[in-house]
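K.L.:
model this:
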Amino acid sequence: MSPLGFKEMGFGRLVLSSFFALLLLASFASTDVLSQKPITVSTDKLSYGAGEVVYVYGVVWQVISGERVNITVLNPLGRVWVRTYVTPDVRGNFGAVVGSVSEMDLTGTYRVRASYAGYVAETSFQVRIRPNITIRSDKYVYLTDETISVSGKVSPYLPDYPITIYLRHNESVKAVAQVTPQPDGSFRCDSIYRVGAEDRGRWAIVANYGNLVNSSLDVFVGLYVNVDVVQRFLKPGDLFKLASKVSFVVSGPVKVRVTSPSGGLWGEFDAQVGPDGSYGVEQQIYPYDEPGVYSVTVSYWGASNTTTFRVGRLGVGTFEVSDAGTFDAIGSPTSTFLCGQTVQVSASLRNTDIIPHKYVYVVQIRDSSARVVFIGWIDSAIAVGQTVRHSVGTVITTRGNYTASIMVWDDWSTPTPLTDTVTLAFKVV
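P.N.:
Numbers count the residues shown, from 1 in each chain. Below is the predicted model of the structure:
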């Protein structure tokens, strides 16, 4: 083969190679053109919280004079959250702040739709709003056999999320209930639990909203207020004393109200409650206070209790004296005694008051010159309506006329007569 032939063959290969190179270049160019989208759209973040600004941006491939990009954002329910229009620049770039996320916005997926000259692009972002839930109970303190009800409100309203309510005492779950909030966010659950006789103490009500947020409050369950009058039978000069406890401390005083036998108000008191639940009231009983049965009512946060006490008389007429006289040693009545013979001064006492009494039965003997020759006494107590008989005796060795006095006192320290003095005359021969 001639050198010329070799040159022709080399030239042909060169032409063929150039053709294939141009074909390949054209192929790459057409692939790049076909892969170019008419419009793209994105957001600056994939997820937003309350208070954050949503920025939407993108590119149009071919700018058309006077044409604007329509940006529409739909919330998780498919409703328009925001719609705006923006004009791309000469390079086709566009962007806009479409809105700010608030606490009232729905949690979920938001769809972004951008349209331009008949072309559409879409993207999405998430909104994560930490919801808020408030709860309240129908009462702060519950008594035995009362029911516990709970109400409240959530925001924002999430239609697919229920509210679960737990009633807890220490580590024990006493009751569980579930309720769906209304579109305005309100909810109510009645009669979650009925308080039993054994239920006591501070309990917690916990409301959970779709496992997103909790809210709790404390209530007091099974409150009981005891009432105990230290001494139920009183007389003028005694101290009315109330000393008792509440089952647990809430706040504030125990209200104490005492009414007299005729129904009038005898006293009202605010008894402060100690850390251990104890409280007390003291009030003097005066001679002018009405005898009879007094009613005591105590109340504390809806819990109440009642009791009574009695105020008796202190003075002449409290006791009734009968069958008083002088008697010999074998109990025979006589008013004449032999010198050296035992003289017994006896009387029957009946308690006519409404309270029991302690008393002193006193016998005093005087001679004809009014000189006291003997004093004897008996300390005793007597129940309501009871009759007792007492006898105090002595031996008199001096002849003459004598006077015996029978006196009944409440005590020795501040002797107050409970009967009129009974005087008996006798002689010793």
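K.L.:
what's downstream of the helix-or-strand element of the chain with minimal mean pLDDT, the next helix or strand?
P.N.:
For the chain, the helix or strand with the lowest mean confidence is helix 3-35, at a mean of 42 (criterion: mean pLDDT, DSSP states H and E). With elements assigned by DSSP states H and E, the helix or strand that comes after helix 3-35 is strand 39-43.
K.L.:
Just list what that following strand packs against, helices and strands only.
P.N.:
On a contact count with 3 or more Cβ pairs under 8 Å, 6 or more residues apart in numbering; DSSP states H and E, strand 39-43 meets strand 53-60, strand 108-116, strand 119-127. Yep, even glycine has a C-beta here, placed from its N, CA and C like the rest.
K.L.:
separation between residue 276 and residue 363?
P.N.:
The spacing between residue 276 and residue 363, counted by Cβ to Cβ, to the nearest Å, is 51 Å.
K.L.:
Enumerate the positions of the host helix or strand of residue 241 that are buried.
P.N.:
Taking DSSP H and E as the definition, residue 241 sits inside strand 239-245. For strand 239-245, the neighbour count (16 or more other Cβ atoms under 10 Å) marks 240, 242, 244-245 as buried.
K.L.:
same thing with stretch 107-124?
P.N.:
Residues of stretch 107-124 classed as buried: 107, 110, 112-116, 121, 123 (neighbour count, 16+ other Cβ under 10 Å).
K.L.:
now swap in stretch 386-406 and tell me
P.N.:
Neighbour counts over stretch 386-406 (16+ other Cβ under 10 Å) mark 388, 390, 392-393, 396, 402, 404-406 as buried.
K.L.:
Then stretch 38-56?
P.N.:
In stretch 38-56, counting by 16+ other Cβ under 10 Å, buried: 39-43, 48, 54, 56.
K.L.:
ok, so of the residues you listed, who is nearest residue 209?
P.N.:
Among the buried residues of stretch 38-56, residue 48 lies closest to residue 209 (Cβ to Cβ), at 20.3 Å.
K.L.:
distance between the strand holding residue 241 and the chain's centre?
P.N.:
Averaged C-alpha coordinates place strand 239-245 at 25 Å from its chain's average position (Cα atoms, centre = their mean, to the nearest Å).
K.L.:
do stretch 338-353 as well
P.N.:
What separates the centre of stretch 338-353 from the centre of its chain is 64 Å, taken as Cα atoms, centre = their mean.
K.L.:
Just the CA coordinates for it, please, in CSV.
P.N.:
Taking C-alpha atoms only, stretch 338-353 is exported to CSV below (Å, rounded to 0.1, in the frame of the first residue of the first chain):
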residue,chain,number,x,y,z
LEU,A,338,-76.2,11.0,176.8
CYS,A,339,-72.9,12.4,177.7
GLY,A,340,-70.3,10.4,175.8
GLN,A,341,-72.8,9.0,173.3
THR,A,342,-72.1,9.2,169.6
VAL,A,343,-74.1,11.9,167.7
GLN,A,344,-74.7,11.2,164.0
VAL,A,345,-75.8,14.1,161.8
SER,A,346,-77.3,12.7,158.6
ALA,A,347,-79.0,13.9,155.5
SER,A,348,-80.0,12.6,152.0
LEU,A,349,-78.7,14.6,148.9
ARG,A,350,-80.2,14.5,145.5
ASN,A,351,-78.4,16.0,142.4
THR,A,352,-81.1,18.0,140.6
ASP,A,353,-78.6,19.4,138.0
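K.L.:
quick one, domains of the protein?
P.N.:
If you go by automatic domain parsing, the domain ranges for the chain are 39-127, 132-221, 233-311, 319-428.
K.L.:
I'd like to know which of the ones you listed lies nearest to residue 227.
P.N.:
Per Cβ to Cβ, nearest to residue 227 of those: domain 233-311, 4.4 Å.
K.L.:
Now do stretch 158-177: everything it contacts.
P.N.:
Residues from elsewhere that reach stretch 158-177, judged by Cβ atoms under 8 Å, 6 or more residues apart in numbering: 106-107, 131, 133, 135, 148, 150, 152, 154, 178-181, 183, 187, 189, 192-193, 199, 201, 203-210, 212, 221.
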